[in-house]
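Trainee: Got a sequence here, can you model it:
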Amino acid sequence: MEETTVKFEDNISMEDVTNSALDFVQPNRIIQGEVVTIDDEFAYVNVGTKSDGRVALEEFDVIPDIGDIIDVVLIEKRMIDGMYVFSKTAAEMGKKWKNFMENYNKGEDNILGIVKGAVNKGISVDCDGINAFLPFSHAANIRINQNKVPEGSIWFKLKRIDEDRQTIIISRKDYLEEEYKKTWNNFILKYNIGDSVVGKVEKFVDSGVFIDIDGLKAFMKRDDISWKKVFKKKNIIKIDEVREFAILGINSEENKITLGLKQLTEDPWLQIDNKYKVDEIVSGTVVTVTNSGAFIEIDDGIEGFVNSSNISWTKRNVNPRDIFQKGKKIDVKILDINKEERRLTLGIKQVFPNPWDTIEERFPINSKHLKKIKKIVNFGMFVELEEGIDGLIHISDVSWDDNLKEPLKLYKEGNDVEFIVLDINNKEMKIACGIKQLTKSPWEKIKEEYLPRSKVSGVVSGIVPFGLFVKINDDVEGLVHISEVSTSKIENLKDYYKIGDEVEAVVLGIDVKRKRLSLSIKEYSKIADKEEMKKILSDTSSKTVTLGDFIKIELNNQA
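Mentor: Residues are numbered from 1 along each chain as shown. Okay, here's the model as predicted:
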């Protein structure tokens, strides 16, 4: 049977029909009738007129009994098979519409409905038998996915009513906005900043947590969850958990609520000066490990940081992940307390004595040691003096022999080597060692053999712009600087000397570290002249010394 939309008048009882005759049996008017008989297709109803009417059985959820009184509506005045055609469904619709309009006229502008499905540009909603249309733009949180519709009754706001067609347009969006406004007004009347409120944890985001408070969305920043600096949100609160929070802010203009959890307890940093002191050794738990260090919790809500530089006295590039294990108990020393910035600086190495403070007591300079070669590198080799403390034997301190091109090839990692401690730098944690210093430098022997002002003989082995190289013996070569060649100015040494010339010179000095022997031909000439003068004066009396003798000596000096 097709759905018929009619505008109904007041209900008419059977008694009214009997008393008022046929004029009351009109279309669009609800009347009462008695079921008098039933066949396979219809229920026959007497409404008090000479002719009965019939109602299709398909309009009944349950087949009626003879004698039942039911409400019906005349579909049209034209009779079929000598009978009126009544509709029970139309009568029920009329009663529902009438009831709906009475409630609406009383000021009820919200209505319950059940979502039926999507239609053109919107959603069809059944509001207790009344067809309602929900535009997609007003659907709000109602979604229809793959023909799946929300279950149960849902509240909507009435937007427009078509009395002729008995249809309505509704809005879920307007309903939610109105309810939210009511809830917000109730909230600001009930609560103030600083009050406690119960809410349900809804969603985690990177910056914090969303909380539902009786339908209102509140937000709690990550920093307001715990007094701890390092923590995981899920270890403190859980999704769907209902618990108490502190109200930190209420913004009526933007309808925003800010909550906090840590504010329900006292800030532990307020009493830190009374509980902890700098240089105090305390026990803590590793809570987080980073590439640069580790966070240690020494009290509930109080965490300090151990920088990698404060882990070991002896190891420079310590990887914190190799040292720390999350959840491990550890002793630390408080190095600094910054209450204003809520920063606590901790150290592990400071719990123990610094081995570098007493390193010279165990390894005095010039002391000899036999230790294993820990590592060989291009510039030398490291020897392990003790656990965590290495010494470096630079390649230049391996051998006195400058002609030895690859002295490190004589050694292997893991082998023992004897050496001498040359220098200790406590601040930079460096120890210089040497192997060649175990024996006397050949240049030390040369220094002992060729004393300053002593005379030497040699052969010119090299001529350079700044002087002459003179080879004294097979192992020793000295330099006569151009300024020490003659008392006269010389522009080009090659004009006066050639390779292989024999010369006499005086030792000026020896630089052992630089392996340099400085000679002077000029000084040798002066000494020779003085000796010649003494000889003349000693062999001849003063009366016999002539001017020619002195001229001869001066000419020799200029030669």
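
Trainee: and residue 188, how many neighbours?
Mentor: Residue 188 is flanked by 12 other residues according to other Cβ atoms under 10 Å. C-beta coordinates here come from the backbone N, C-alpha and C atoms, glycine included.

Trainee: So which bits of the helix or strand containing it are buried?
Mentor: Using DSSP states H and E, residue 188 sits within helix 172-190. Buried residues in helix 172-190, counted by 16 or more other Cβ atoms under 10 Å: 172, 173, 174, 175, 176, 184, 187.

Trainee: Now for the fifth one: which residues touch it?
Mentor: Think residue 176. Neighbour list for residue 176: 140, 141 [criterion: Cβ atoms under 8 Å, 6 or more residues apart in numbering].

Trainee: Could you check how far it is from residue 225?
Mentor: For residue 176, the distance to residue 225 equals 29 Å [Cβ to Cβ, to the nearest Å].

Trainee: how about the strands in the stretch 201-350 of the chain?
Mentor: 208-213, 216-221, 242-251, 256-260, 281-289, 293-299, 302-307, 329-338, 343-347 (DSSP state E, counting those that start in this stretch).

Trainee: Quick check: which of these is nearest to residue 516?
Mentor: Comparison of the strands of the stretch 201-350 of the chain against residue 516 by Cβ to Cβ identifies strand 302-307 as nearest, at 47.5 Å.

Trainee: residues near the residue nearest to residue 275 when sequence neighbours are not counted, how many?
Mentor: Distances taken as Cβ to Cβ, 6 or more residues apart in numbering put residue 299 closest to residue 275, at 7.1 Å, once the chain neighbours are dropped. Using other Cβ under 10 Å, residue 299 is surrounded by 17 other residues.

Trainee: Residue 299 bridge partners, please.
Mentor: Beta bridges link residue 299 to residue 302, judged by DSSP bridges.

Trainee: mind checking pLDDT for it?
Mentor: pLDDT recorded at residue 299 is 90.

Trainee: again with residue 164
Mentor: Predicted confidence (pLDDT) for residue 164: 78.

Trainee: picking up where we left off before, how about the CA coordinates for the helix holding residue 188, as PDB?
Mentor: Extracted C-alpha coordinates of helix 172-190, given in PDB (Å, rounded to 0.1, in the frame of the first residue of the first chain):
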ATOM      1  CA  ARG A 172      22.600  17.200  14.400                       C
ATOM      2  CA  LYS A 173      25.200  20.000  14.200                       C
ATOM      3  CA  ASP A 174      22.800  22.600  15.700                       C
ATOM      4  CA  TYR A 175      21.800  20.200  18.500                       C
ATOM      5  CA  LEU A 176      25.400  19.500  19.500                       C
ATOM      6  CA  GLU A 177      26.300  23.200  19.400                       C
ATOM      7  CA  GLU A 178      23.400  24.000  21.600                       C
ATOM      8  CA  GLU A 179      24.100  21.200  24.000                       C
ATOM      9  CA  TYR A 180      27.800  22.200  24.100                       C
ATOM     10  CA  LYS A 181      26.800  25.800  25.000                       C
ATOM     11  CA  LYS A 182      24.500  24.500  27.800                       C
ATOM     12  CA  THR A 183      27.200  22.300  29.100                       C
ATOM     13  CA  TRP A 184      29.800  25.100  28.900                       C
ATOM     14  CA  ASN A 185      27.500  27.500  30.800                       C
ATOM     15  CA  ASN A 186      26.900  24.900  33.500                       C
ATOM     16  CA  PHE A 187      30.700  24.300  33.700                       C
ATOM     17  CA  ILE A 188      31.700  27.900  34.200                       C
ATOM     18  CA  LEU A 189      29.000  28.400  36.800                       C
ATOM     19  CA  LYS A 190      30.100  25.300  38.700                       C
END
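
Trainee: Report the inter-axis angle for that helix versus strand 242-251.
Mentor: 90 degrees (axes from the mean of the first three to the mean of the last three Cα atoms, to 10 degrees).

Trainee: for helix 172-190, what is the average pLDDT?
Mentor: On average, helix 172-190 scores 92.

Trainee: Stretch 32-39 too?
Mentor: On average, stretch 32-39 scores 89.

Trainee: returning to what we had before: now do the helix holding residue 188 against strand 216-221, angle only.
Mentor: Using the same axes, to 10 degrees: helix 172-190 against strand 216-221 is 70 degrees.
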